[in-house]
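Student: A predicted structure for the sequence below; I have some questions about it.
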Amino acid sequence: MDGKRRIGQADRLAAVVSTGLLELPAAPGLDRLTRLASRLLGVPTSLVSLVTDEQQVFASQLGLPQPWADAARTPLSHSFCQYVVDDDAPLVVTDARDDERLHDNRAIDEIGVIAYAGMPIRMDGHTLGAFCAIDGQPRKWTAAELETLEDLAAAVESEIALIKAADDAQRAAATMRAVLEASHDAYVSSDADGRVRDWNHSAEVLFGWTRAEAIGAPATELIIPEEYRADYNADIARVRAGGRSELAGRRMEMPVRHRDGHCLPVEYTVQVTDVGSPVYHAFLHDISARRSAQRQLQRQAELIDAAPAAIIVRGDDGTIRFWNNGAEQMYGWPAAAVAGQDIHRLLGTEFPESLARVEEALETTGTWEGELTHRHADGHTITVLSRHARRPAPDGGTEIIETNADITGRLQAQRELQQRNRQLEQANLLKLDLMGMLSHDIGTPLAAIAGYSELLSEEPLPEFVLGLIGRIRKSTHRIDELRHNVLAMCSLDSGTLTAARQPVLLGPALREAVDAVETEVPIDCPDHVRVLVNPAHLTQIVVNFITNAAKYGGGATAITVRNGDGAATVAVHDEGPGVPAALRPRLFDRYTRAHETGGAKGHGLGLHIVASLAQANHGAVSHRDNHPRGSVFELTLETTRRGRSEIDGGER
């Protein structure tokens, strides 16, 4: 054998191991053959010996003495069968003690092997061992005995092949079971009657039924919704009748039913085997997450398409790959017409600097943003605020996402705003001119009218003339009041309204305000109350309250003063209809007019002006209901002690 024993060849040893008989328990079929050999040949001992490179293992044995019977193996020092393997041929020995190769084998003395006849056991081209008959006495084997032994060895080979096939099948089944149990896909098999034969762990998780509960139950009733059962049952009937399954070999999607009744989408494949009877093998996996992701992607695509901005995806070479509905609306080109075109050639892009600078920015930072001029499909140009971002493309390269917003109208609005600002500046100059005119050009003749009417009122004139002079004086005071209101409003709007406060004795100041409007209003003011206020502003506020009461409340009925806690509150009372509830939250706002709720007409500036004047004097105005009817308008000012000489930076 070329100096190398066959017994140690790796592929032969692998074949011995592959039988499984080195570890398997006793094989009843082999035991029947060893018993049969002992009866037919009249020998006390017969063995099925599998030989490795270190020992011989008895897959079946009869008649071995102890301890070898229990051990079911011996080292090669006790083996005759090793020579059957090495020679790949039968070994027939009449008396081993006289055999040159065997005479010192320890099996002679320790086991009692004298006469030996062994036939090779072969499988897949390899000699695995020997089927042998042993006698403890010298024996000359007849040709018939050897022929019988050879036939029995062939039967042993067949039995070993069957054992191996069964073991392989069992191992394959165990492996398949392990694979199915480890699979993330649910595995369900069913027989020709549609009843479940197998059900893995993933099926338990997916459908909620345990394997024990599912085995033997109709698969259609367990997992298939009512509306799909007829097609499934029809396919089973078709296969049972000898036809081909229309479901097998296809990848399909359908809803399945969970134990709790809810349905979920799955993707599944079906295979049909027919070994005696057809068996359906279905592999299913939950695609709820995939469906959700698809819906999300669809939603995102819809949002992108619905975006008012133009969203364009293009290659680095400018080739348009995606063009949303916003781009169609902005540029007038449908998506189908622009696909594959160069965006800059299509839109006649005008860059603030150059295309090269844009590409350089994209190369270095990945983004660029600026204004571009584009051409619409009808030929007119638009200005867009454009943002470009580079990202990896699905094909492995890069692409540019370009987002464009039309700012043509905004730029036009900015130009119009600039023109409007210039107009407002001119109006402001006009307002300043108006202030000068009111303070001097109107104030001077108004003072003359007031002075002359005052002199005339002291002359001994007829009563009706004095009445007319009184009306002139009253109208003069009203015009002067309006002049001061307008001046205050202009100062307020220009941010120059200030108040040079000084200590003012409140009682006499209130009497002067009442006299200014030539009316009779009772005044209840504690003596020696001094407030910090601009005297002109105080008069203007109180006069405004009194005239307001005359317009809307039937005239002021009283003026009262509350003094305490470092502040004095002047309250002008009336007993008119009161301020409507809807008007109160914005009573002191600009342009709030009582005629909005049916009152007298006005410009809605008076109360706003007095609120601003009060604030400039560190005070506040407010309104409350009078009882049982009417309104009370109040002015609260800071008080000071007599003798204080410097207020707010030196006012007296």
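Tutor: Thanks, I have it. Numbers count the residues shown, from 1 in each chain.
Student: switch to C-alpha atoms for all contacts and neighbour counts from now on
Tutor: Noted.
Student: Just the terminal-to-terminal distance for stretch 349-357.
Tutor: Stretch 349-357 has an end-to-end distance of 14 Å (Cα to Cα, to the nearest Å).
Student: Residues in contact with it: which ones?
Tutor: 343, 370-375 (Cα atoms under 8 Å, 6 or more residues apart in numbering).
Student: In strands, which of those residues appear?
Tutor: Under the assignment DSSP state E, the contacts of stretch 349-357 contribute 370-375 to strands.
Student: Buried members of those residues into PyMOL, please.
Tutor: Those of the ones in strands among the contacts of stretch 349-357 that count as buried under 16 or more other Cα atoms under 10 Å are selected in PyMOL with:
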select buried, resi 371+372+373+374+375
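Student: Now distance to Glu23 and pLDDT too, for the ones in strands among the contacts of stretch 349-357, in CSV please.
Tutor: Putting those into CSV (distance: Cα to Cα, whole Å; pLDDT from 0 to 100) gives the following:
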residue, distance to Glu23, pLDDT
Gly370, 80, 91
Glu371, 83, 91
Leu372, 83, 93
Thr373, 85, 93
His374, 84, 94
Arg375, 85, 94
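Student: what number of residues lie near Gly118?
Tutor: 28 (other Cα atoms under 10 Å).
Student: ah, wrong one, I meant Gln296
Tutor: 12.
Student: Likewise for Gly578?
Tutor: 17.
Student: Could you grab the helix/strand/coil label for it?
Tutor: coil (DSSP: H, G, I helix; E, B strand; the rest coil).
Student: hang on, isn't it packed against His623?
Tutor: No: using Cα atoms under 8 Å, Gly578 is not in contact with His623, being 10.1 Å away.
Student: which residues do the two both contact?
Tutor: By Cα under 8 Å, 6+ apart, Gly578 and His623 have these common neighbours: Ser631.
Student: Tell me which helix or strand Phe633 sits in.
Tutor: Taking DSSP states H and E as the definition, Phe633 sits inside strand 631-638.
Student: brain fart, Gln294
Tutor: helix 288-306.
Student: Give me the contact list for the helix or strand following that helix.
Tutor: Toward the C-terminus, helix 288-306 is succeeded by strand 310-315 as the next helix or strand (DSSP H and E). If you take Cα under 8 Å, 6+ apart as the criterion, strand 310-315 is touched by 304, 320-328, 330, 343, 398-405.
Student: before we move on, back to that, list the buried ones in the helix holding Gln294?
Tutor: 304-305.
Student: name the helices or strands packed onto that helix?
Tutor: Counting contacts by 3 or more Cα pairs under 8 Å, 6 or more residues apart in numbering; DSSP states H and E, helix 288-306 packs against strand 263-274, helix 325-331.
Student: Run the chain-centre distance for the last one.
Tutor: Okay, so that is helix 325-331. Mean-position distance between helix 325-331 and its chain equals 28 Å (Cα atoms, centre = their mean, to the nearest Å).
Student: Just the mean pLDDT for that helix, thanks.
Tutor: Throughout helix 325-331, pLDDT has a mean value of 91.
Student: could I have it exported to CSV, CA atoms only?
Tutor: The C-alpha coordinates for helix 325-331 follow below in CSV (Å, rounded to 0.1, in the frame of the first residue of the first chain):
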residue,chain,number,x,y,z
ASN,A,325,-44.7,70.9,-8.7
GLY,A,326,-43.4,74.1,-7.2
ALA,A,327,-40.8,74.3,-10.0
GLU,A,328,-43.4,73.7,-12.6
GLN,A,329,-45.5,76.5,-11.2
MET,A,330,-42.5,78.9,-10.8
TYR,A,331,-40.9,78.3,-14.2
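Student: Need the contact partners of it.
Tutor: Under Cα under 8 Å, 6+ apart, the answer for helix 325-331 is 305-312, 333-335, 375-377, 406.
Student: Quick check: buried residues in that helix?
Tutor: For helix 325-331, by 16+ other Cα under 10 Å, it's 325-328, 330-331.
Student: Format the residues you listed as TSV; extra columns: distance to Asp260.
Tutor: Shown next, in TSV, are the buried residues of helix 325-331 (distance: Cα to Cα, whole Å):
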residue	distance to Asp260
Asn325	44
Gly326	46
Ala327	48
Glu328	49
Met330	52
Tyr331	54
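Student: which residues of the stretch 301-450 of the chain fall in helices?
Tutor: 325-331, 335-338, 343-347, 355-364, 408-436, 443-457 (DSSP state H, counting those that start in this stretch).
Student: Deepest in the core, which of those helices is it.
Tutor: helix 325-331 (a mean of 20; mean count of other Cα atoms under 10 Å).
Student: what's the burial count for the closest residue to Asn544 other than its chain neighbours?
Tutor: Closest residue to Asn544 apart from its sequence neighbours, by Cα to Cα, 6 or more residues apart in numbering: Gly606 at 6.7 Å. By the measure other Cα under 10 Å, the count of residues near Gly606 is 26.
Student: got a pLDDT number for Gly606?
Tutor: pLDDT, Gly606: 72.
Student: Ok, the one 10 residues further on next?
Tutor: Confidence per residue is given as pLDDT, and for Ala616 that number is 90.
Student: ok, now how distant is it from Gly566?
Tutor: Counting by Cα to Cα - Ala616 and Gly566 are separated by 18 Å.
Student: re earlier: tell me which of the ones in strands among the contacts of stretch 349-357 is nearest to Ala143?
Tutor: The closest of the ones in strands among the contacts of stretch 349-357 to Ala143 turns out to be Gly370 (Cα to Cα; 106.6 Å).
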